[in-house]
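In: 3D, please:
(one chain, ligands or ions: 2)
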Amino acid sequence: MDMRTQVGIIGAGPSGLILARLLHRAGIETVVLERRTPEYLRSRIRAGLLEQGTVELLTEIGVGERMARERLIHDGVELAFGGRRLRIDLKGLSGKVVTIYGQAEIQKDLMDAHDALGRPVVYEAEDVTLHGLTGDKPRLRYHKSGEQHEVTCDFIAGCDGFHGVSRQAIPQELIRVYERVYPFGWLGILSDTPPVNHELIYSNHERGFALCTMRSMTRSRHYLQVSADEDVADWSDDRFWAELKRRIPQEAAAALVTGPSIEKSVAPLRSFVAEPMRHGRLFLAGDAAHIVPPTGAKGLNLAAADVRFLSQALAAYYKSGRTDLLDGYSDRCLSRIWKAQRFSWWMTNLTHRFPEASPFERRAQAAELAYIAGSKAAQTSLAENYVGLPFD
Ligand code: RFL
Ligand code: PHB
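Out: Ligands and ions are numbered 1, 2, ... in the order given. Next up is the predicted model:
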């Protein structure tokens, strides 16, 4: 079957669905193709921390109601190292706060809102391919239930994440990739237990990094630095809790309530940027174009910023034929992305134990933590980046 639309969107993750909604509000038609099932998308855990700009964007597009009721607002964040705890007063230093509201909840809110629009996401769209990207009528082909379909579009938005097909559809010689792979991963568990602390604790410990975060006052999320090829099967819940206790401050360990895990997985850590984020009529957004290590909590927030810019550029095109914002899309996104990349890389270097670090590097890391503890300027810089840099 053949279809026609204005913007074809690949991927129904946060980037794809926020974009569809922003475009809908601008009177622009979309078709969203997604490889997975709705059940799979609703159960993906991932991110938890939102910048104020992301909260405002979700509210503006009408999916902020449940978030406003259920979210936790944090005025500060803790760094633990060398037996001490340092609280960074985010609100006092930057004037902004951060929000805890899980990506799985955002995903559900976005899917419910999208369903109400009347043009459902095409789930289980297989073998999506992109055609005619440098012409003025690009096309998407896919299979569903054994049949081939084609969607003719004005533009295509590649919102299909790091392992998607859109970035791969750009000829290799036209795209430059910057990458850093870290020699460790994060083992994460989710449990229906109260958080150990009312704010997040990022702990630098000689046995490796640990993070105590949460989804609500009754649901905790914890992460441990592990080797990149770690097998989850080797981590019983008991082993996880025992290791976490060793890596977090004593009072936090004493307050830790343990319980069975609801989810347990290992994620690799990577910094990655593909430039430019455009090829002809294909525009990349979110994880399809860039990956940050989760230490700075920037991935989902960057994805939201990309699609905000993209929707503005597309709206200007359909309203008045202007192409300058489309032409400027990649540079505008990348200037903010690189700052978030820099911050995420820096936070990762500051808080993790690198197996290959020399004694000199270890002392320098300890000195940097001590410097932050004694410097309001350093804390202000951390706070300003953590809560999210301005959009322009
Ligand atoms: P997604 O979420 O990967 O969605 C892409 C969608 O595209 C679909 N897809 C395809 N569809 C059709 N055809 C194909 N060929 C396709 N290939 C893929 C996929 O099925 C999927 O549904 O990318 P998007 O929308 O750009 O969103 C990005 C965010 O999901 C990501 O940046 C965050 O989860 C990163 N992240 C965090 N971000 C934050 O802002 N704050 C955090 O606290 C935070 N914590 C995290 C994180 C990511 C983590 N992991 C597991 C990578 C913690 C972790 C552990
Ligand atoms: C989370 O709540 O899952 C989370 C929070 C902060 C991070 C990474 C993950 O830096």
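In: pLDDT score for the closest residue to ligand 2 within the chain?
Out: Residue of the chain nearest ligand 2, by CB to the nearest ligand atom: residue 48 (2.4 Å). Using the backbone N, CA and C atoms, a C-beta is placed for each residue, glycine as well. Looking at residue 48, its pLDDT reads 93.
In: how many neighbouring residues does it have?
Out: By other CB atoms under 10 Å, 23 other residues sit near residue 48.
In: quick check: it vs residue 247, distance?
Out: The gap separating residue 48 from residue 247 is 19 Å, by CB to CB, to the nearest Å.
In: buried residues of the helix or strand encompassing residue 151, list them for me.
Out: Assigned by DSSP states H and E, residue 151 belongs to strand 147-152. Using 16 or more other CB atoms under 10 Å as the test for burial, strand 147-152 gives 149, 151, 152.
In: right, is it up against ligand 1?
Out: No - using CB under 6 Å from any ligand atom, strand 147-152 stays clear of ligand 1, coming no nearer than 12.2 Å.
In: partner strands of that strand and their direction?
Out: strand 2-4 (parallel), strand 139-144 (antiparallel) (DSSP bridges).
In: how far does the longest one sit from the chain's center?
Out: When distances are taken as CA atoms, centre = their mean, to the nearest Å, strand 139-144 is centred 27 Å away from the chain's centroid.
In: pLDDT (mean, whole number) over that strand?
Out: Confidence for strand 139-144, expressed as mean pLDDT, is 98.
In: start at 729, not 1
Out: Yep, numbering from 729; the last one is strand 867-872 now.
In: does ligand 1 have contacts with that strand?
Out: No - counting by CB under 6 Å from any ligand atom, ligand 1 is not contacted by strand 867-872; separation bottoms out at 7.3 Å.
In: list the buried residues of that strand.
Out: For strand 867-872, using 16+ other CB under 10 Å, the buried residues are 867, 868, 869, 870.
In: I'd say the second one and residue 884 touch.
Out: Yes - in this structure, residue 868 is within contact of residue 884 by CB atoms under 8 Å, at 6.5 Å.
In: what sits in contact with each of these two?
Out: Both residue 868 and residue 884 are contacted by 736, 738, 858, under the criterion CB atoms under 8 Å, 6 or more residues apart in numbering.
In: hang on, the earlier thing: the residue of the chain closest to ligand 2 and residue 1013, how far apart?
Out: Counting by CB to CB, the gap from residue 776 to residue 1013 is 21 Å.
In: could you do residue 768 as well?
Out: Taking CB to CB, one finds residue 768 at 21 Å from residue 1013.
In: okay, these two: which has more neighbours?
Out: Remark: of residue 768 and residue 1013, residue 1013 carries more neighbours, 32 against 12, as counted by other CB under 10 Å.
In: mind checking the longest helix of the chain?
Out: In the chain, with assignment by DSSP state H, the single longest helix is helix 1052-1079.
In: check which helices and strands that one sits against.
Out: Counting contacts by 3 or more CB pairs under 8 Å, 6 or more residues apart in numbering; DSSP states H and E, helix 1052-1079 packs against strand 929-932, strand 989-1003, strand 1006-1007, helix 1027-1048, helix 1087-1102, helix 1104-1114.
In: please list the residues outside the third one that contact it.
Out: Think strand 1006-1007. Contacts for strand 1006-1007 (CB under 8 Å, 6+ apart): 861, 862, 897, 898, 899, 902, 903, 1012, 1054, 1057, 1058.
In: just to revisit the earlier point, need the buried residues of strand 867-872 in TSV (columns: distance to ligand 2).
Out: As requested, those are exported to TSV (distance: CB to the nearest ligand atom, whole Å):
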residue	distance to ligand 2
867	38
868	32
869	36
870	32
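In: export the residues you listed as CSV, with columns for distance to residue 822.
Out: Shown next, in CSV, are these (distance: CB to CB, whole Å):
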residue, distance to residue 822
867, 46
868, 42
869, 47
870, 44
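In: residues of stretch 938-952 that come out buried?
Out: Buried-residue list, stretch 938-952, by 16+ other CB under 10 Å: 938, 939, 940, 941, 942, 943, 944, 948, 949, 950, 951, 952.
In: tell me the two of those residues that are most distant?
Out: Within the buried residues of stretch 938-952, 944 and 952 form the most distant pair, 21.1 Å apart (CB to CB).
In: circling back to that earlier point, mind checking which of the contacts of strand 1006-1007 land in strands?
Out: residue 1012 (DSSP state E).
In: what subset of the contacts of strand 1006-1007 is buried?
Out: Looks like the contacts of strand 1006-1007 have 861, 897, 898, 903, 1012, 1054, 1057, 1058 buried, using 16+ other CB under 10 Å.
In: and stretch 820-837, does that touch ligand 1?
Out: Yes - legend: contact between stretch 820-837 and ligand 1 by CB under 6 Å from any ligand atom is shown at residue 831.
In: that stretch and ligand 2 in contact?
Out: No - using CB under 6 Å from any ligand atom, stretch 820-837 never reaches ligand 2; the gap is at least 6.5 Å.
In: could you tell me the end-to-end distance of that stretch?
Out: 31 Å (CA to CA, to the nearest Å).
In: quick check: buried residues in stretch 883-890?
Out: Neighbour counts using 16+ other CB under 10 Å place 883, 884, 885, 886, 887, 888, 889 of stretch 883-890 among the buried residues.
In: nearest to ligand 1 among these?
Out: Once CB to the nearest ligand atom is applied, the member of the buried residues of stretch 883-890 that ends up nearest ligand 1 is residue 889, at 2.7 Å.
In: wait, a strand at that closest one?
Out: No - assessed with DSSP: H, G, I helix; E, B strand; the rest coil, residue 889 is coil; it does not lie in a strand.
In: sweet, I'm off.
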